[in-house]
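Colleague: Turn this into a model:
(chains A and B)
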Protein chains: 2
Amino acid sequence: MKIGFIGSGNVGKTLGSSLVKQGHEVKLGARNQEKLSEWLESFNQNEKASVGSFQEAAEHGEIIFNATPGSVSLEALHAVSHQALKGKILIDVALPLEFSNGELSLSVANIDSLGEQIQRAFPDVKVVKTLNTVTSALMVNPYSLADGEHDLFISGNDEDAKNEVIGFLKEWFGWKNVINLGDISSARGTEMLLALSSRVYGAVGHPNFNFKIVR
Amino acid sequence: MKIGFIGSGNVGKTLGSSLVKQGHEVKLGARNQEKLSEWLESFNQNEKASVGSFQEAAEHGEIIFNATPGSVSLEALHAVSHQALKGKILIDVALPLEFSNGELSLSVANIDSLGEQIQRAFPDVKVVKTLNTVTSALMVNPYSLADGEHDLFISGNDEDAKNEVIGFLKEWFGWKNVINLGDISSARGTEMLLALSSRVYGAVGHPNFNFKIVR
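Modeller: The predicted structure follows:
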């Protein structure tokens, strides 16, 4: 499958590498493509991996990931033509982080979310929020923790798109338990979880943890 | 132990009943004490259970629970004299819920929390935020779910007070796993969890669930 990434930081590269290794045609979209030469070289001229502009990555992808920092996600997506996004699934993994006064907070919370902001700005894109509650290492390898017995959440207005993404999460990375929270406004819950997980990180002492709903 | 409750809704009554049955002297503080006649009668003139004003409940308690709705917590606590609260542990279980436009949200979030607001307003009270992430039924009976193998969180500025409360949570209700998140500002994380747990409730279909940190 052809998969495009808007954003090529740690999360984009980790997801992209996993997908290239599985035989998908991955294009990482970046403002500064030179920064990705090392990533490209790691694939030893495997033609499945490529880099390009945000526009080229969006045009390439049958499925698109938003892997930009949440603070610049809307700006990055607005740099792409309407035609390149229209009708496609956009898997939004971004965190709306803000550091001000040396303190971590969210740039949007409580009565709105980044997922909703993106969905409102691009009404004919199928925004699916997921993977945003775990580290990039865990995103692509849930089995590395407790045989994958922990939970991922998914939010989005389009049930078919969510079901398709739930299938991808299982097929690509092995996610067994994906809880459908409802429409895109439920992205508030997973984005706001950051306020808890940043403190759990401090208590646990490492980032390789995840939440499980015991029921 | 003498335990006072500011607030006597479902949460206060459930916690209070459990503590009376364990032999503690519990006074539920309410604006309208007549509403508690049924609760009192359920104890068949057991003298361990009593009701009173907020002031009387606070004076009574060696430990005090804030079990008011978060929207009125500060007002309720300000109705109590400084002397009745000073130096005591205040276990804050309140949720800062707000319903506006028919939508659930938090009255404080992201860069502040109810726990912090209370601690700032009452600097010589030892505010400990806990139990606010589970239903009242689960608060007093964690073993009813998966033999208690799920997690509770605790926040507060005073380490000794938190350790004392962790001991109470185990002794009173059987909580095995209580994660110390840090100072009272970490109450943001557990209060903001409500945005996720309200959606998990919808997905799971019942409120008898809890979070577990898989690590």
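
Colleague: how much space between the residue sitting nearest the centre point of chain A and residue A:191?
Modeller: Centroid-nearest residue in chain A, with CA atoms, centre = their mean: residue A:93, separated by 2.3 Å. According to CB to CB, to the nearest Å, residue A:93 and residue A:191 sit 11 Å apart. For the C-beta atoms, the positions are set from N, CA and C on the backbone; glycine is no exception.

Colleague: Downstream of the helix or strand of chain A with the lowest mean pLDDT, the next helix or strand is which one?
Modeller: Within chain A, no helix or strand scores below strand A:97-100, which has a mean of 89 by mean pLDDT, DSSP states H and E. The first helix or strand that comes after strand A:97-100 along the chain, using DSSP states H and E, is strand A:103-106.

Colleague: anything in the helix or strand just after that next one near chain B?
Modeller: Note on strand A:103-106: by DSSP H and E, the next helix or strand toward the C-terminus is helix A:114-121. No - Helix A:114-121 is not in contact with chain B by CB under 8 Å from any CB of the partner chain; minimum separation 12.3 Å.

Colleague: Please name every helix or strand in contact with the helix or strand just after helix A:114-121.
Modeller: Scanning forward in sequence from helix A:114-121 by DSSP H and E, the next helix or strand is strand A:126-130. Contact partners of strand A:126-130 among helices and strands, from 3 or more CB pairs under 8 Å, 6 or more residues apart in numbering or on different chains; DSSP states H and E: strand A:89-92, helix A:114-121, strand A:152-156, helix A:159-168, helix A:187-192.

Colleague: Near chain B, which residues of chain A are found?
Modeller: Residues of chain A lying near chain B (CB under 8 Å from any CB): A:103, A:105-106, A:109-111, A:145-146, A:149-150, A:153, A:155, A:179-182, A:186, A:188-190, A:192-193, A:195-200, A:202-204, A:206, A:208-215.

Colleague: Please spell out the PyMOL selection for the buried subset of these.
Modeller: Only the buried entries of those go into this PyMOL selection, using 16 or more other CB atoms under 10 Å in any protein chain shown:
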select buried, chain A and resi 105+106+109+110+111+145+150+153+155+179+180+181+182+186+188+189+190+192+193+195+196+197+198+199+200+203+208+209+210+211+212+213+214
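
Colleague: so how far does stretch A:12-31 reach from one end to the other?
Modeller: Terminal residues of stretch A:12-31 are spaced 13 Å apart (CA to CA, to the nearest Å).

Colleague: what's next to that stretch, contact-wise?
Modeller: Stretch A:12-31 is contacted from outside by A:1-8, A:36, A:39, A:42-43, A:46, A:48-58, A:60-61, A:65, A:67, A:93, A:136-137, A:139-141, A:172-173, using CB atoms under 8 Å, 6 or more residues apart in numbering or on different chains.

Colleague: Tell me the buried residues in that stretch?
Modeller: Using 16+ other CB under 10 Å as the test for burial, stretch A:12-31 gives A:12-20, A:24-30.

Colleague: Kindly indicate which of the residues you listed lies nearest residue A:131.
Modeller: Residue A:131 lies nearest to residue A:15 out of those, by CB to CB, at 8.0 Å.

Colleague: tilt between the helix or strand encompassing the closest one and helix A:159-168?
Modeller: Residue A:15 belongs to helix A:10-21 when assigned by DSSP H and E. For helix A:10-21 against helix A:159-168, the angle by axes from the mean of the first three to the mean of the last three CA atoms, to 10 degrees is 70 degrees.

Colleague: helix or strand right after helix A:10-21?
Modeller: Heading C-terminal from helix A:10-21, the first helix or strand you meet, by DSSP H and E, is strand A:25-29.

Colleague: Show the subsequent helix or strand relative to that next one.
Modeller: Next element after strand A:25-29 (DSSP H and E): helix A:37-41.
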